[in-house]
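Asks: mind looking at a prediction? Sequence and model below.
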Amino acid sequence: MIFRIKRLPGFFWKILRIIIQTTSGDILMNKKIVIIGAGPGGYAAAVRAAQSGAEVTIIENDTIGGTCLNRGCIPSKIMQTTAALLDKFQRAEEFGIDADSKARLNIQRLMERKSKIIQTQISGLHSTLQHHNIRYISGTGCIRHNGVVIATPQQSEASEIPYDKLILAVGSSPSEIPGFPFDGEHILSSNHALDLRELPESLLIIGGGVIGCEFAFIMSAFGVKVTIVEALSGILPLPSVDDDCSKVLLREMKKSKINVLVNRSADSYETKNGKIHVTLTPSVFAKNLSERDKKPVIIEVDKILVCVGRKPDIAGMGLENISVKTDEKGWVIADENMETHAENVYAIGDILGPAKIMLAHVASTEGIISAENAMGGSRVMNYQVVPNAIFTMPEVANAGLTETQAKAQGFDVCSGKVLFRTLGKAHVIGEIAGEAKIVSDAASGKILGVHIVGPHATDLIAEATLAIQMGCSVKELAQTIHAHPTLAEIMMEASFEAMGGARNLR
Ligand SMILES: Cc1cc2nc3c(=O)[nH]c(=O)nc-3n(C[C@H](O)[C@H](O)[C@H](O)COP(=O)(O)OP(=O)(O)OC[C@H]3O[C@@H](n4cnc5c(N)ncnc54)[C@H](O)[C@@H]3O)c2cc1C
């Protein structure tokens, strides 16, 4: 077909081209897709758009890979791996090993390993972009007006980049709290904590969410005396985290000698003789406090790590030039097709804020969907079945609904819970703390949610995610043969437990 069209006389070809451009340009002409931000959202979108035949430009003002590769998932998991190993080394005798000397952290070596791994991934990403003929501009992207972005490289002149479709993927950065501005010396953000060259003796972590809890276990395993302060009444206070998981983790934190203070907020600090004195007051969320708990407490630490959330990186982007709408906190508003209020403009990843789940794999999925839709597709993002992985020690992971959420949605809930200590494999590897819970619909047996706290929970959640995605019942999961001895057996056992309460299943 294309061959025959090309052989038409010039005039007819010209007319045909105009018709094609104005009607179904997607068929023959290359769409120009510009992406601002090369994190897991942006680069996934770029590759998918290029695979679909678009002419793709991606603009990045820092390092390819974004927060995830350079300041998030990967460096934190490199540190967590070392922390877990160190923890195991401390227990060498238990595993029948006579260790000659006490294992201890060499932070310089750890940082070297971290840089090497990140560098390998960065090179891999650049090769992938090259392989797909994606133009990579190292510079800052800003929207001039509808159809045009300005790219300003650090060392050279700004240039105009026209687009047919624009994908915004600029991510987020750590939020500060009043009175505790980041200085990299006393007050650290997660970016600083991932780049420490020397360990403090003691550390106060403000915020008991995912990032705060991950750092608490890492730093504690490294030998730092950790205190974590959380304004709400428990740690990991997220709607997706099951209360039982949060309680198990709190118990494990205490066992690891992490000092946990809930219902308190960091109010102010002063430095005295090289130490930081932090005043902690009852939080505004705290209820029914005893007279003792109402009093402020002062704790002395070497450094403070603030992990209270993230803010969107949209300053200076020129969003106002094309009427992209944001909410009151600045998070960009996009619909389920990833389209913003501005025509031909999509938004993905962390800039959509916590309501849309700020995780790397969510950003990548949104990126792929936005690219397919920019190329004429109509895919919808499904936030119902997203695996959540928290790399504490033990790990926490979940997918689907919690018991509370399922009940609120009107389900007659039936849940089954199994402790890891009942599995042979948990004893073999010496990690018996934790449990897995399956939340199911009593009438149909359909799995609604899975919540795991325990060894390798972040890997085990993959089976649960697939089961929920496929609409699997507890009976189907229980009847699926699981290898022995493996930790995955916990899914089968928890399914059997959940079946015990379900009607008409056996
Ligand atoms: C400590 C930590 C640990 C984490 N661990 C995990 C984890 O284990 N698993 C998980 O799924 N998620 C984790 N996350 C979250 C994850 O990193 C983010 O959800 C993910 O990186 C978001 O991807 P993104 O593409 O939306 O944004 P980003 O990864 O932030 O990428 C955006 C990119 O855009 C660039 N940019 C910004 N403005 C401009 C501009 N004007 N012009 C050009 N470029 C611009 C930025 O420099 C950045 O490189 C973690 C985050 C942190 C902080």
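Replies: Thanks, I have it. Numbers count the residues shown, from 1 in each chain.

Asks: when you work out contacts or count neighbours from here on, use the C-alpha atoms and nothing else.
Replies: Fine.

Asks: just the helices in the stretch 1-150 of the chain please.
Replies: Secondary structure of the stretch 1-150 of the chain by DSSP state H, counting those that start in this stretch: the helices cover 2-6, 10-22, 40-51, 66-71, 73-90, 107-131.

Asks: quick one: end-to-end length of stretch 401-419, please.
Replies: 20 Å (C-alpha to C-alpha, to the nearest Å).

Asks: report the mean per-residue pLDDT for it.
Replies: For stretch 401-419, the mean pLDDT works out to 96.

Asks: what separates residue 441 from the ligand, distance-wise?
Replies: Note on residue 441: its distance to the ligand, by C-alpha to the nearest ligand atom, to the nearest Å, is 28 Å.

Asks: what's the local residue count around the closest residue to that residue other than its chain neighbours?
Replies: Spatial nearest neighbour of residue 441, chain neighbours left out: residue 413 (5.1 Å); criterion: C-alpha to C-alpha, 6 or more residues apart in numbering. Residue 413 has 20 neighbours, counted by other C-alpha atoms under 10 Å.

Asks: just residue 183 next, same as before
Replies: Count around residue 183 with other C-alpha under 10 Å applied: 10.

Asks: do residue 192 as well
Replies: A total of 16 residues lie near residue 192 under the criterion other C-alpha under 10 Å.

Asks: so for the one residue sitting closest to the centre of the chain, what's the pLDDT?
Replies: Central residue of the chain (C-alpha atoms, centre = their mean): residue 359, 2.6 Å from the mean position. Predicted confidence (pLDDT) for residue 359: 98.

Asks: is it correct that residue 445 is in contact with residue 477?
Replies: No: Residue 445 is beyond contact range of residue 477, at 10.3 Å (criterion: C-alpha atoms under 8 Å).

Asks: dump the residue contacts of residue 212.
Replies: By C-alpha atoms under 8 Å, 6 or more residues apart in numbering, the residues touching residue 212 are 205-206, 228, 306-308.

Asks: winner for burial among the helices of the stretch 1-150 of the chain?
Replies: Sort these by mean neighbour count, taking mean count of other C-alpha atoms under 10 Å, and helix 40-51 sits at the top with a mean of 26.

Asks: what comes into contact with that helix?
Replies: If you take C-alpha under 8 Å, 6+ apart as the criterion, helix 40-51 is touched by 33, 35-37, 55-58, 65-66, 68, 128-129, 132-134, 167-170, 348-349, 360-372, 374-375.

Asks: quick one, helices of the stretch 151-300 of the chain?
Replies: 190-193, 210-221, 243-255, 291-294.

Asks: weakest of those helices in terms of mean pLDDT?
Replies: helix 291-294 (a mean of 84).

Asks: out of the helices of the stretch 151-300 of the chain, which is the most enclosed?
Replies: The stretch of the helices of the stretch 151-300 of the chain with the highest mean neighbour count (mean count of other C-alpha under 10 Å) is helix 210-221, at a mean of 24.

Asks: how far does it sit from the chain's center?
Replies: Averaging C-alpha positions (C-alpha atoms, centre = their mean, to the nearest Å) puts helix 210-221 15 Å from its chain's average.
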